[in-house]
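Novice: Need a 3D model of the sequence below.
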Amino acid sequence: MLATDLDHFSVVLPFAFLYVSPAMGAFRFGVGVLAVAMVLVLPAQAQPAGPRPPGVPAKPWAPPAPEKPAQPAEQAPTQPASAVPVAPKDPPPADIAKAKTLFAAGGKSYEKGDYAAAIQAFERSYTLSGRPSVLFSLGQAYKKRFAESQDPRHRSASVDNLRAYLAAVPSGGRRADAIRALEDLGQRDPSPGGTGSAQPAVERKTILSIDSPTPGALISIDGAEGAPPQVDAEVTPGRHTIKVTAPGFIEQEFVMQALPGQTEAETYALEEAPVSLVLTIPGGATVHIDGRDQGESSKLSVAPGRHFLSISKSGYQSFGKLIEAQGGETRAFTVDLTTTVQRDASLGLMIAGGATMIGGGAVLALAFLAQTDAQEIDEQRLSTGITPSQNTQYNDYVAKRDLLRVAGVLVGGVGSVAFLAGGAMFLLDRQGPLPVPIDEGKRQVPAAAPSVEQLTVAPMVTPDEVGLMMGGRF
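Specialist: Numbering: from 1, shown residues only. The predicted structure follows:
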């Protein structure tokens, strides 16, 4: 067993001595130690069960071949690192619109000298839009940042972006400015490619950039004191409340979501507050603003700016006034209307006609008395007879009656016509709003109010009728 299968025996030998020959003493201990040493040194190789075929020599033992260390995989040569952001493919319109807002915010930060904020805004704008013009602005912002910090990584980032711009814009654009900027940075080779620098050492901050074109706007973030636009504030990631206020404009609140290490930019335009008009006008008067009927309202709200206020009432001269007010103002007006010429004439005709009708009635009453006196004499004539003097008196009463009757009818007719004419004029005296003035440059030309000054009233007497003739334009 030991000679023919040493490897197998080396495993079972200690157990054989340990259990089969317990009385061998020290010799047993030595052989056991030797067997254990053989187990630790020799590799455990699986041998086929059963006797070795005849003619096959025993396999000589050999130490195992040392393991070869793992060779690293061959690496392809890499391109120098570049600080140019990655441009998107086919950006949606929403991203383009957002990129424009970010680009505008970056431009204002650049003008204020906050080049770090400008860099973040430009980089985000380019990653959303991929517009080559943003690369030029980004390169210029890095150039300004390098002038402040003298950090070579800022210089490398400026070179990378300017070269990328020249590659994207083969002609025209601002190539001359980009080449001049590269020369200022000591780079006369405008060919694209990275400078071998890592990403520039620009600390990525979470920034909200808020702007507003509203005059006098103040912007507050999370309840802080308002500041004029543009406001570039470093905030924590998450939701933030933006409040924009301005004199004469409606205050607005918005919520923005700030993303970690990114610039979010928004522009908010406020709506002007309305102008309040408080009017003290005669009862029944109608209000018109810019030609639009507002009824009999005494309190109105209109948009800021220039408006034409007109107040009209039947029988009164229409009132018109140009007003100009800023948003949020309250303007009060007290308007006293004066009667029209037509209204005054109609009232005069009705009063005169009424008085004439009364006079005509009085004349007819005298004619009735004369008729009564003549009737008494006629009754006496039929009963007892009358004297010649009474007959003359009778004839005088009859003549007087006829004259007074004609006069009364004439006077009463004239009075009636005058009264009816005055009433018609009164009813037809409906005044409308004044026309909206014509704007000739900066001068307002009010249109003339309706006039009835050409109204004429004259008596008309013919052999067959008596009346009044009235004419004019209403």
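Novice: In terms of residue numbering, what are the domains of this protein?
Specialist: According to automatic domain parsing, the chain comprises the domains 6-41, 93-184, 207-267, 275-334, 341-428+437-471.
Novice: Rebuild these as CSV, extending it with mean pLDDT, mean neighbour count and distance to Val84.
Specialist: C-betas here are computed from N, CA, C, even on glycine. Shown next, in CSV, are those (pLDDT from 0 to 100; neighbours: other Cβ atoms under 10 Å; distance: least, Cβ to Cβ, whole Å):
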stretch, mean pLDDT, mean neighbour count, distance to Val84
domain 6-41, 39, 13, 62
domain 93-184, 92, 20, 4
domain 207-267, 92, 17, 18
domain 275-334, 90, 16, 46
domain 341-428+437-471, 79, 15, 53
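Novice: Using CSV, lay out these together with distance to Pro85.
Specialist: Output for the domains of the chain, formatted as CSV (distance: least, Cβ to Cβ, whole Å):
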stretch, distance to Pro85
domain 6-41, 62
domain 93-184, 5
domain 207-267, 12
domain 275-334, 42
domain 341-428+437-471, 51
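Novice: who wins for proximity to Ala87 among those domains?
Specialist: Closest of the domains of the chain to Ala87 is domain 93-184, at 3.4 Å (criterion: Cβ to Cβ).
Novice: Beyond the longest helix seen in the chain, next helix or strand please.
Specialist: Using DSSP state H to define each element, the chain has its longest helix at helix 341-383. With elements assigned by DSSP states H and E, the helix or strand that comes after helix 341-383 is helix 388-428.
Novice: Would you mind giving the orientation angle of that following helix with respect to helix 341-383?
Specialist: 160 degrees (axes from the mean of the first three to the mean of the last three Cα atoms, to 10 degrees).
Novice: For helix 388-428, name the packing helices and strands.
Specialist: helix 341-383, strand 456-461, strand 466-471 (3 or more Cβ pairs under 8 Å, 6 or more residues apart in numbering; DSSP states H and E).
Novice: next one: that helix to chain centre, how far?
Specialist: Here helix 388-428 is found 77 Å from its chain centre; the criterion is Cα atoms, centre = their mean, to the nearest Å.
Novice: Now do the same for the nearest residue to Gly248 once chain neighbours are set aside: helix, strand or coil?
Specialist: Nearest residue to Gly248, sequence neighbours excluded (Cβ to Cβ, 6 or more residues apart in numbering): Gly327, at 3.4 Å. Here Gly327 is recorded as coil under DSSP: H, G, I helix; E, B strand; the rest coil.
Novice: which helices and strands does the longest helix of the chain pack with?
Specialist: helix 388-428.
Novice: tell me the contacts of Gly348?
Specialist: Contacts for Gly348 (Cβ atoms under 8 Å, 6 or more residues apart in numbering) come out as Gly422.
Novice: Give me the distance between it and Pro282.
Specialist: 21 Å (Cβ to Cβ, to the nearest Å).
Novice: any idea how far Ile377 is from Ile386?
Specialist: 6 Å.
Novice: my bad, should have said Gly408
Specialist: Using Cβ to Cβ, Gly408 is found at 28 Å from Ile386.
Novice: which residue ranges form the helices in the stretch 51-200 of the chain?
Specialist: With helices called from DSSP state H, counting those that start in this stretch, the stretch 51-200 of the chain shows them at 93-112, 115-129, 132-149, 152-168, 175-184.
Novice: Okay, angle between the last one and helix 152-168 too, please.
Specialist: Our comparison of helix 175-184 with helix 152-168, counting by the same axes, to 10 degrees, yields an angle of 150 degrees.
Novice: How about the first one?
Specialist: Between the axes of helix 93-112 and helix 152-168, defined by the same axes, to 10 degrees, the angle is 130 degrees.
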